[in-house]
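Asker: need the 3D shape of this:
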Amino acid sequence: MGPVHMQVKLTNAIDEGLVRRGLLNPNRLRTYETVALVDADAVRTVLVTGDTVLIGQTVLETLDLLVDCNNQRLIPNPEHPDYPVLRV
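Answerer: Below you'll find the predicted structure:
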């Protein structure tokens, strides 16, 4: 299986929790949008390869997503189409 490149939005989880509790203005929520390399042959997620975000098998399994190489996208697992097994 080959890698897939796709647009992703990363959100600071601590900021997100503070916003939910009303302790941080939603305008101060830190996010980062970029094109990520989704590679199921990689085990982990890496943010140390320059500007490249790598999403590996661990995240895909945790979110219960499959890589659709033909259409260059991620899709929900057909066995659990309405919800992930575990939300991060």
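Asker: how close does the closest residue to Asn25 other than its chain neighbours get to Lys9?
Answerer: If the residues on either side of it in the chain are set aside, Asn25 comes closest to Val19, at 7.7 Å by CB to CB, 6 or more residues apart in numbering. (C-beta placed from N, C-alpha, C; glycine too.) As for Val19, its distance to Lys9 is 15 Å (criterion: CB to CB, to the nearest Å).
Asker: the more surrounded of the two?
Answerer: When Val19 and Lys9 are compared on other CB atoms under 10 Å, the one with more neighbours turns out to be Val19, at 17 against 9.
Asker: my guess is Gln7 contacts Val38, does it?
Answerer: No - applying CB atoms under 8 Å, one finds Gln7 not in contact with Val38, separated by 10.9 Å.
Asker: compare those two (neighbour count), which wins?
Answerer: Each of Gln7 and Val38 has its neighbours counted (other CB under 10 Å); Val38 has more, 24 against 8.
Asker: residue contacts, the more buried one?
Answerer: Taking CB atoms under 8 Å, 6 or more residues apart in numbering, we find Val38 in contact with Pro3, Val4, His5, Met6, Ile55, Leu60, Val67, Leu74.
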